[in-house]
Structure formats: structure tokens, C-alpha cells
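Asks: output the structure for:
(chains A and B)
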Amino acid sequence: MSSKDVVLGRIRSALGSGVAAPEIPRDYRRGSDKPDFDLLVERLADYKAVVHRVGAEAIPAVILQIVGSGTVVVPPGLPTDWLPAEVEAVVDDGLDADRIAAADGVVTGAAVAIAETGTIVLDASPDQGRRIITLLPDLHICVLRPEQVVASVPEAVARLDPRRPLTWISGPSATSDIELNRVEGVHGPRNLHVILLEAQ
Amino acid sequence: MNTFLGMPARAPRGVGHLRGDQPFPVAAREALANAQLRRNLQHATTTIREKSGRVIAELPDWQELRAAGSALKAYTMANLPALLEQLEERVTAAGGVVHWAADANEANRIVTDLVRQTGERRVIKVKSMATQEIGLNEALEAAGITPVETDLAELIVQLGNDKPSHILVPAIHRNRSEIREIFLKAMPGVDPALTDDPPELAGAARRYLRETFLSTRVAVSGANFAIAETGTLAVVESEGNGRMCLTLPETLITVMGIEKLVPAWSDLEVFLQLLPRASTGERMNPYTSMWHGVTPGDGPQSFHLVLLDNGRSAVLADEMGRQALHCIRCSACLNVCPVYERTGGHAYGSVYPGPIGAVLSPQLTGVADNPTLPYASSLCGACFDACPVKIDIPSILVHLRNQVPHPRTEAAVMAAAAYTMDRPKLYASAQRAAKLARIAGRRGRGLPPPLNGWSASRDLPMPPKETFRDWWRGR
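Replies: Below you'll find the predicted structure:
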């Protein structure tokens, strides 16, 4: 008898002749709302992310202003016109961890952002890359298109593909482990900049 | 034999951390004598209650979300065998390997063997209640493998040679200056000029663990949710140590209680709203990682999922008590509990402290192994109100109290009382005799032995000078 049979046998015997499964009351907010961009900006800032609201043409200037003369890692599918000429961009073609950790920052796109919670979600698409590149550098610059912003968590879940590696990010790395207060800056990037593009 | 093997079983003795060394009242009395501990706990729980209350009030549909969360968990329990098999199939199809562990010993053996097969002598760990419960660190150490806890609070506990005292923040009993002391004493390479400023303490942990993250090839994690429909797993965290463990190593071993299942992907829309607000009082925690088996070129290329029973099937067999398995480990019930706030988590003797621990630990071990925990509550009901999945903890506590073996003297006294109350004349004379107790009561002694145990923690009402019957007759 395998352990699987043992465990499943125990569970079946615990449930006896069957337990009625309840109907799930879905009376919480589920519909799609118009996202409130001001709310997103407020919630991002509340968790210490720095937000830049600009038009697409200003992306390189903003990145230059944040990074200065540093080196950034970029995923292979990042639009090249986002990057300023002055910043050295290293394309991730399977870079080793030390190389990624040595970069001053990383620039990515995003899959979805949630206004109500101030969350951005990465799904490892070509403009976001492998999970490791947004983890090791101390600075993450994330470019967000207005159509990627949704109002609430249920809308975000509906848009995402559970078969992809997903990283939900709400502010820079933080901890509540010292006296249960939120303190920024543990293992993930300690600086999170979000470039929110204006609607065209 | 087969029917025997198929019967729900409790968590075995001699392994893991579900049973305390002493009864709750004894441990609680010791904890209450520690004024620093009480100050730390009061500060931390007050902070978190305020934060949590604020962000919960932002949601107009909190009660509707709680109702959905509660029903989803009940639905999961009712369909557990089919959902677990579905999860196994989806995880396997996505490139993972699923293992089943009937108890702590088997889970420890599976994980130890898996680490051995990699040839590595060190693993990095994401904070996980399940691996604490089964005593995995001790099992790994016995096999010559070093487990490194990477969650800040777990690190504080590990470096301080201490025990966790809270589900979410295992070092809640330590304040910043105590944490600084621990780091200065036990953290290799720490800057001796370290202050007790929380960002500086967090920075010290960042520097200390960075190299370990980059050079360790096996990670062990727990899981907050596993989606049966898709085989997706989720870890909810704050610091990024979870992302490190789930992304950098070559091998990932996840140990998960069988109750952590969620039926469908879309159901996460409920739990990802409930958990962070109830737990750390945030609209969303800093990082949540989700993965689906193995993704070529991204993250661990070898993934093992260990499904753990260890007494859960026995909890499931109790119609009233099984809702304790709905717990999503947010720890809101600890933060609102007047008993927890004063005694702290160590007094409960189990890795699951507070109100949820008082109903979960005795059910996992059998009530006889944790007979005092069902009484570690004033039944005020704050835990029920705070629970994001509406676990009726006070009712389970009362239910479990009925299963605690009672001493013979108590049964004899209760039988005598029933006999007396059945006979009016006898009852009247007993009431008159009770007046004598006014003398005993005035001296503040409570009941005489062997009944003094009963009145040690209860106020004995002073009997009146005149009984009602005497007053009525003389009217």
C-alpha cells in the first residue's frame, strides 16, 4: 500500500459517507471597473515606490535620470527605444547570477498592475524576462502601460496565466518582522521606480 | 490491515513541535512573570491591530470576501481526495514530482533523501509552518545537512537559539534592541557598530544572507496555496527571501499540508485579498511568487512537492473541529487574543500558538496529548470576529473541552451536586451549610483541598448570609 493510498484512504474515511459541499457565495466585487490611475499612484507611493507619470517619448530621459551613468540588465524583449544611449544595457541571454547582481539596476515591462493595492505583476514575458533579473539588482525600473492597469485583484487574476511564473510586487522589499512595523529594504530590490505611461 | 491503515491518524509522538513540555497554565504563569515580553507583545499586537483594521475598513466587501473564503475552504475539504489527485496530476504534467507523506517522520525522510540525492550539505529555507511542525530542521541536521532559515524573524530565532512564538512573526517576542544583541552575538561578520534602527537590522540580514542565497543549490519551502485546477503553487512573503529561495537554486522541495489546497485559479482572487489585510495589515504583501512545475531556463529545474497529512485526516474526521483546517495562517486571531497578548506564543508549547493553535494542536495530536490548550482561552470570541475565513474557534474550544479527560474528583463532585439538586430537602440544608463557607471565603482560601485546584483560577462567589428559602419562610 503506497503512502498516497494511505493518505487518501484516511481522508475518505474521515469524510465518511460524504460531506455536502456548500455553494460559494460570490457577492464580493468581481466586475470590471475603470481603473483609477491616481489611486494606483497613491498606493504605489504609500509603499515607497517612486512613480513617474510621463508620455512614452520621455521613458529614456526618466531612466537616465534614475540610473545616471550606471549599468542595467534588460530582458531580451524590452523595447530598445526605452533605453537612453548613455546607460549601458546588458541583455539577459542567460547571464550568471553574479553578473546580474553586479548591475546597478534592471528595466522591465509588466503584465498587469492593480490600482486598489498598488501591485505590479510580472509574468516572465519577453519584456519582463527571467525572475532572477528583477531580484538581484538593488534597483528595479518597471514601465507600465495604461491598458495594463486594472482596478482590483479579481480583474488581475482573470488576466493572468497560472501556467507562467508570476511575481506580484507591491513596493520595494520590506519586512514586518521587527515589532510588526513595515520597514523597507531586505533581500529584494530596495528601490522600485514605476514609469506609468500617460494614456494616448 | 487495509482498513486499519485507512483510518485517520494523529500526528506521531517523538517528532516535530506540536506538544509542549509543560501544561499551558504552568508555562503561562512563567511567561506572565516576564514584563519585557508583555511589553513587546503589547506593542506589536497593538500596532498590527491598528494597521489591519485600517486596510480592512478600506474594502466595502470584506464580509462578502470572508463568506466566500469560508465556503471555498469547506468546499475544498468536502472534495479533498479528488482535488488532491487533480493537483498531483497537474503538478506532474508541469514537470514536478509529487510525494505523499502520512506523517512527520515520512515527510522528514522524503526531504532528507531528496537533499542527499543532490549531494548538497546545505539548504536555504523559506519560512514554513509545515516544516516547523514536523521538525524538519532537526531531521536535516541529524543527517549532516545544514538548514539556513532566511526569513528575518526565523533568522532571529535561529541565531538566538530560540523558539518561534508567532505564526507570522516568529520573533515577535523580541524588540529591536534584543534583535541587535542577538545579531552582534551570533551573526558572523556583523558590523560591530550596528545600531538597533530597524532598517539597519534589515540591512545586516541582507548582507549576511546574500552569499548564501547565491551559492546554495537546494531550497525548502512551504506553500500558502496550491491550485488543484492548474497545479500552480503560491508563496506569499515580504522580504524577497522567498523569491531568492524559489528562483535561485537548482532544486526546490516544497512541503505542504493537504489542507492548503484551493480548487480553482480564480479562487485566488478571494484569498489574495483576505490574507495580506488580515495578516500583516497590508493591502498587498511586498512579494507573492507563483510557479507551475518547472519552467525551462527560469528558476529551479527540479521541483518536488511533498503532501503532508500528519494528523490532518484525524482533524477532518471531526465534523465540528474540521473547520480548523480552513486556516490560512494569517495569525489575526493571535493578534486580537487577550490571552496570547499576555502569555506570548511559547506558553502554548506548539508551533501553532494562540487561538488557532489551541484548536489545531490538540486535534492534530489528540486531545489527551494537549489537554490544557482547549482551556487557554477566555472564550471572548474576538478570534472568530477577526478570522478572515470565519473559523468558529470558540465553539471548537468548547467542543474540545468536552473531550478532555476530567479528573475523578471532579466527576464525583459533579455527581454529588446532581444528586443533591435532585432532592429539595437535601439542597436546602446544603445551602444553609454553604453559609459556613463565608468564613473560609473571608480568609481568601477558595475551596479546601482536593477541590482547591478548581477555585485557583475562578472567583468563588460569597454565599449570602441568608438563603432565599429562609428569607421566604420568615417573610
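Asks: please make it C-alpha for all contacts and neighbour counts, starting now.
Replies: OK.
Asks: could you say what helices and strands the longest helix seen in chain B packs with?
Replies: Counting by DSSP state H, the longest helix found in chain B is helix B:35-57. The contact analysis (3 or more C-alpha pairs under 8 Å, 6 or more residues apart in numbering or on different chains; DSSP states H and E) places helix B:35-57 against helix B:268-279, helix B:332-336, helix B:338-343.
Asks: one more time with 10 Å
Replies: Helices and strands touching helix B:35-57, by 3 or more C-alpha pairs under 10 Å, 6 or more residues apart in numbering or on different chains; DSSP states H and E, are helix B:24-32, helix B:268-279, helix B:332-336, helix B:338-343, helix B:382-386.
Asks: how far out from the middle of the chain is the second one?
Replies: In other words, helix B:268-279. Taking C-alpha atoms, centre = their mean, to the nearest Å, the mean C-alpha location of helix B:268-279 is offset from the chain mean by 18 Å.
Asks: what does the third one give?
Replies: Centroid displacement of helix B:332-336 relative to its chain, using C-alpha atoms, centre = their mean, is 11 Å.
Asks: closest point of chain A to chain B, which residue?
Replies: residue A:14 (3.9 Å; C-alpha to the nearest C-alpha).
Asks: so that residue sits against residue B:321, correct?
Replies: No - with contact defined as C-alpha atoms under 10 Å, residue A:14 and residue B:321 do not form a contacting pair (11.9 Å).
Asks: common neighbours of those two, please.
Replies: By C-alpha atoms under 10 Å, 6 or more residues apart in numbering or on different chains, residue A:14 and residue B:321 have these common neighbours: B:314, B:315.
Asks: what's the neighbour count on residue A:98?
Replies: As a burial measure, residue A:98 scores 10 neighbours (other C-alpha atoms under 10 Å in any protein chain shown).
Asks: who are the contact partners of it?
Replies: A:136, B:214.
Asks: and it, its phi and psi?
Replies: Residue A:98 has phi and psi values of phi -60, psi -40 when expressed as degrees, to the nearest 10.
Asks: could you pull out the strands for the chain?
Replies: This is for chain A. In chain A, the strands defined using DSSP state E lie at A:50-54, A:71-74, A:88-91, A:105-108, A:112-114, A:119-122, A:139-144, A:149-150, A:166-169, A:174-175, A:183-184, A:191-197.
Asks: other chain: chain B
Replies: Under the criterion DSSP E, strands of chain B are mapped to B:97-101, B:122-125, B:146-149, B:218-221, B:225-227, B:232-237, B:251-257, B:261-262, B:287-292, B:302-308.
Asks: which of those strands sits closest to residue B:204?
Replies: strand B:146-149 (14.8 Å; C-alpha to C-alpha).
Asks: in chain A, which helix is the longest?
Replies: When chain A is parsed with DSSP H, its longest helix is helix A:3-15.
Asks: so which residue of chain B comes closest to chain A?
Replies: In chain B, the residue that lies nearest chain A is residue B:317 (3.9 Å; C-alpha to the nearest C-alpha).
Asks: wait, what's in contact with that residue?
Replies: A:10, A:11, A:12, A:13, A:14, A:15, A:16, B:7, B:8, B:9.
Asks: closest one of those residues to residue B:291?
Replies: Distance to residue B:291, by C-alpha to C-alpha, is smallest for residue A:11 among the contacts of residue B:317, at 26.8 Å.
Asks: how confident is the prediction for the residue of chain A closest to chain B, by pLDDT?
Replies: pLDDT for residue A:14: 97.
Asks: got the contact list for the least confident helix or strand in chain A by mean pLDDT?
Replies: One helix or strand of chain A scores below all others by mean pLDDT, DSSP states H and E: strand A:183-184, with a mean of 83. By C-alpha under 10 Å, 6+ apart, the residues outside strand A:183-184 that reach it are A:47-48, A:171-177, A:190-191, B:198-203, B:238-239, B:286.
Asks: please, a PyMOL command that selects the buried ones among these?
Replies: The PyMOL command for the buried members of these (criterion: 16 or more other C-alpha atoms under 10 Å in any protein chain shown) is given here:
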select buried, (chain A and resi 47+48+171+172+173+174+175+176+177+190+191) or (chain B and resi 198+199+200+201+202+203+238+239+286)
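Asks: what score does the residue of chain A most remote from its centre have for pLDDT?
Replies: In terms of distance from the mean C-alpha position of chain A, residue A:17 ranks first, at 44.8 Å (C-alpha atoms, centre = their mean). Per-residue confidence (pLDDT) for residue A:17: 86.
Asks: repeat for residue B:1
Replies: Note for residue B:1: predicted pLDDT of 40.
Asks: tell me where the stretch 151-300 of chain B has helices.
Replies: Taking DSSP state H, counting those that start in this stretch as the criterion, the stretch 151-300 of chain B carries its helices at B:152-159, B:176-186, B:198-215, B:241-247, B:268-279.
Asks: check which helices and strands the longest one is in contact with.
Replies: For helix B:198-215, the helices and strands in contact under the criterion 3+ C-alpha pairs under 10 Å, 6+ apart are helix A:97-102, strand A:174-175, strand A:183-184, strand B:122-125, strand B:146-149, helix B:152-159, helix B:176-186, helix B:241-247.
Asks: wait, what's in contact with the nearest residue in space to residue A:79 that is not next to it in sequence?
Replies: Among residues not flanking residue A:79 along the chain, residue A:127 sits closest, at 7.3 Å (C-alpha to C-alpha, 6 or more residues apart in numbering or on different chains). Applying C-alpha under 10 Å, 6+ apart to residue A:127 gives the contacts A:74, A:75, A:76, A:77, A:78, A:79, A:107, A:108, A:109, A:110, A:111, A:143.
Asks: give me the buried entries from these.
Replies: Among these, the ones that count as buried (16+ other C-alpha under 10 Å) are A:74, A:75, A:76, A:78, A:107, A:108, A:109, A:110, A:111, A:143.
Asks: same list (the residues you listed) but as TSV, adding distance to residue B:108 and pLDDT.
Replies: TSV is the format used below for the buried ones among the contacts of residue A:127 (distance: C-alpha to C-alpha, whole Å; pLDDT from 0 to 100):
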residue	distance to residue B:108	pLDDT
A:74	40	98
A:75	39	98
A:76	41	97
A:78	44	97
A:107	41	98
A:108	40	98
A:109	41	98
A:110	39	98
A:111	38	98
A:143	44	98
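Asks: list the contacts for residue B:84?
Replies: A:8, B:76, B:90, B:226-229, B:231, B:258-259, B:261-263, B:307.
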